[in-house]
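Visitor: Next input, structure requested:
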Amino acid sequence: AIQTSTSCTLTAIASRTHSKATKFVEEHIIDPNVRNELVILSGDEAYTQLIELSSVEALYIPLPTSLHKEWVIKALRSGKHVLVEKPVALNTSDLMEMMRVAKEVNKFILDGTMFVHHPRTQQLMNTIRDESFGGEVVRINSEFTFLADNDFLQNNIRIKNGGDPLGCIGDLGWYSVRM
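Guide: From the prediction side, this is the model:
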């Protein structure tokens with residue numbers, strides 16, 4: 001989405017390994033001008049270096065949920081706005097602390113749940129609220145599924161023991177409860 005934005009520019013990425021960073025660029029960065037100008041940071045200090053870049057005004061943090069609190073707060077305290085992948089936090093206490101810091105430093109924090117911003121979601125909500133829909137809605141059943149390929153099942157952190165503590169429930173279950 002950032003590549004089609006008229007108000008944002010991708011300026012840098014960070015990864016623990018250089019090979020993952022370059023693979024991401026090869027697979028996802030379409031514009032050759034962006035590729036040529038992009039700062040690629042890798043290694044143990046890559047995330048810290050990214051946060052310290054003066055050319056960066058906002059960060060997208062797609063790290064495992066267990067790392068969100070640490071890196072969101074570091075980014076906010078460094079004067080960056082934050083778009084953080086869902087689920088935002090492991091618990092309410094961590095979320096409230098991140099929100100408190102965002103307010104304290106006058107920066108935005110936004111969860112990466114795209115569908116709530118989609119016109120179709122607003123249309124659904126308007127339909128549910130419309131009295132002609134059938135009266136008061138007292139219960140909504142929701143399911144979210146997908147077909148995982150072998151690569152996902154073997155390599156994704158949400159599947160691994162000791163990976164993201166909230167696992168697939170934290171990732172996929174979010175869609176069912178976010179409304």
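
Visitor: What ranges does the chain have for its helices?
Guide: For the chain, the helices identified by DSSP state H occupy 18-28, 32-37, 46-52, 65-77, 92-105, 119-129, 150-155, 167-177, in order along the chain.

Visitor: Quickly compare those helices and say which is most buried.
Guide: Mean neighbour count, computed with mean count of other CB atoms under 10 Å, is highest for helix 65-77 among the helices of the chain, reaching a mean of 20. The way it works is simple: take the backbone N, C-alpha and C, and place the C-beta from them, glycine included.

Visitor: Cross-check the contact I'm expecting between L53 and L38.
Guide: No. Using CB atoms under 8 Å, L53 is not in contact with L38, being 11.8 Å away.

Visitor: Give me the common contacts of the two.
Guide: Common neighbours of L53 and L38, using CB atoms under 8 Å, 6 or more residues apart in numbering, are T11, A12.

Visitor: Report back the residue of the chain that's furthest from centre.
Guide: Of all residues in the chain, S132 sits farthest from the chain's C-alpha centroid, using CA atoms, centre = their mean; the distance is 36.4 Å.

Visitor: Check what pLDDT that one gets.
Guide: On pLDDT, S132 comes in at 85.

Visitor: what sits against it?
Guide: S132 makes no contacts at all, as judged by CB under 8 Å, 6+ apart.

Visitor: related to what we said a few turns ago, output the helices of the chain in JSON lines; the columns should cover distance to T11.
Guide: Formatted as JSON lines, the entries for the helices of the chain read as follows, by distance: least, CB to CB, whole Å:
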{"stretch": "helix 18-28", "distance to T11": "13"}
{"stretch": "helix 32-37", "distance to T11": "7"}
{"stretch": "helix 46-52", "distance to T11": "10"}
{"stretch": "helix 65-77", "distance to T11": "15"}
{"stretch": "helix 92-105", "distance to T11": "21"}
{"stretch": "helix 119-129", "distance to T11": "29"}
{"stretch": "helix 150-155", "distance to T11": "28"}
{"stretch": "helix 167-177", "distance to T11": "27"}
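
Visitor: For T113, find the nearest of these.
Guide: Nearest of the helices of the chain to T113, taken as CB to CB: helix 167-177 at 6.6 Å.

Visitor: quick one: the closest one to chain centroid distance?
Guide: Averaging C-alpha positions (CA atoms, centre = their mean, to the nearest Å) puts helix 167-177 13 Å from its chain's average.

Visitor: Check the average confidence over it, would you?
Guide: For helix 167-177, the mean pLDDT works out to 76.
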